[in-house]
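S.K.: sequence below, structure please.
(one chain, ligands or ions: 1)
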Amino acid sequence: MGVLLPLSDLRIMHHKLQDHDLDAIRQLSRSINNIDAEILPEKLSVTAAANQEIQILVASCNKLMTRRANDLRRARQFAADVTHELRTPLTILRGETELALRSGRNVEQLREVLESNLEEISRMTYLIEDLLLLSKSDLGEIPLKAEPLPLNDLIEELHHQAQLLATDKNIEVKLLCPQQQILLHADNLRLRQVFLNLLTNAIKYTSEDGTVVIELTPHADTVAIAISDTGIGMEEKHLRMIFDRFYRVNKTNNRYDGGTGLGLAIVKWIVHAHQGTINVTSTLGQGSTFSVILPRIVD
Ligand code: ADP
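M.R.: Sure, this is the predicted structure:
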């Protein structure tokens, strides 16, 4: 049963709005109605005489607009990047084809043009597949097919694949894995994509005779998977951005090594979808370490 307070103890706070407060609310509402979704104003403001609650409301509106302006800037940058990324291979395709048609080339030379064109077409295909994957993930349209997954088996398999990829550059790929089997509740194909991507990068950004190490460390209810390399490394200032779509430290190189700049964005999305985290540490000229932490099934 509730306790009844004597009437005299009840204090009713009635806060009456002053005329200048009402004016401020009208002014705020007019400004909000006039906002153009494409051109956000720098800041909304109301008269300094408006009461504190109204000032708080204006500050919240301004924070919301700053977030929205950042989203808009990112979306525009993304659209510009996609256009650029697709236009470059198309320009190359067009230029090479026109030249081949104009000049009297022999069969061997024409074959070279076709091979080069095929490379550009493959690049565009990968790019579009990656973009489609990311946009579907944004819309929450890619459900994970999570099932019990023995992590050691997956990593051993990927270790073998990485060794094959690394033979051309004589890079040694080492695996440090505990005997004890580590079980995850995860999507096999997606996690495979994460580690293959990190391993491909580690090999791609490491020069001949280098070393790549894969290390699995179980903790109480998580597991850490670290992929380290003795490669080119990165300056501190890039580390925050490399998981952004299309961000590349050295933009000119990637046309030749087949990168799309979307790999790490996809990796980050998959790791987060598994309630995991990903971090990177790196030293320019010495190498990088990407560490993924995932929850594991503990019996
Ligand atoms: P890309 O297709 O260009 O490799 P990613 O999204 O996989 O795109 O990586 C983004 C950028 O991060 C790369 O262009 C590269 O500059 C940098 N990077 C990724 N992994 C490494 C690594 N192991 N060592 C050095 N730089 C790396």
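S.K.: ok, the nearest residue to V298 once chain neighbours are set aside - contacts?
M.R.: Closest residue to V298 in three dimensions, ignoring its sequence neighbours and counting by C-beta to C-beta, 6 or more residues apart in numbering: D221, at 5.4 Å. For glycine as for every other residue, the C-beta is placed from the backbone atoms N, C-alpha and C. Taking C-beta atoms under 8 Å, 6 or more residues apart in numbering, we find D221 in contact with P295, R296, V298.
S.K.: C-terminal to the helix or strand of the chain with the lowest mean pLDDT, what's the next element?
M.R.: Of the helices and strands making up the chain, the lowest-confidence element is helix 254-257, at a mean of 58, by mean pLDDT, DSSP states H and E. Using DSSP states H and E, the helix or strand that follows helix 254-257 in sequence is helix 263-273.
S.K.: so what secondary structure elements neighbour that following helix?
M.R.: Judged by 3 or more C-beta pairs under 8 Å, 6 or more residues apart in numbering; DSSP states H and E, helix 263-273 is in contact with helix 107-138, helix 188-204, strand 277-283.
S.K.: so can I have a markdown table of these showing mean pLDDT, mean neighbour count and distance to G259?
M.R.: Converted to a markdown table, these look like this (pLDDT from 0 to 100; neighbours: other C-beta atoms under 10 Å; distance: least, C-beta to C-beta, whole Å):
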| stretch | mean pLDDT | mean neighbour count | distance to G259 |
| --- | --- | --- | --- |
| helix 107-138 | 90 | 14 | 10 |
| helix 188-204 | 96 | 20 | 7 |
| strand 277-283 | 98 | 16 | 16 |
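S.K.: returning to that earlier point: just the contacts of D221 now: which is nearest D36?
M.R.: Among these, P295 lies closest to D36 (C-beta to C-beta), at 44.4 Å.
S.K.: please check the contacts of D221 and keep the buried ones.
M.R.: Buried subset of these (neighbour count, 16 or more other C-beta atoms under 10 Å): R296.
S.K.: quick one: contacts for the closest residue to the ligand within the stretch 51-200 of the chain?
M.R.: Nearest residue of the stretch 51-200 of the chain to the ligand, counting by C-beta to the nearest ligand atom: N197, 6.2 Å away. By C-beta under 8 Å, 6+ apart, N197 lies in contact with G263, L264, I266, V267.
S.K.: please name every helix or strand in contact with the longest helix belonging to the chain.
M.R.: The longest helix of the chain (DSSP state H) is helix 52-102. In terms of contacts (3+ C-beta pairs under 8 Å, 6+ apart), helix 52-102 is packed against helix 19-33, helix 107-138.
S.K.: ok but L216 is inside a helix, no?
M.R.: No - L216: not assigned to a helix; according to DSSP: H, G, I helix; E, B strand; the rest coil it is strand.
S.K.: number of residues surrounding the nearest residue to it once chain neighbours are set aside?
M.R.: Excluding the flanking residues, the one nearest L216 by C-beta to C-beta, 6+ apart is C177, at 4.8 Å. By the measure other C-beta atoms under 10 Å, the count of residues near C177 is 17.
S.K.: picking up where we left off before, separation between the residue of the stretch 51-200 of the chain closest to the ligand and L127?
M.R.: As judged by C-beta to C-beta, to the nearest Å, N197 and L127 stand 15 Å apart.
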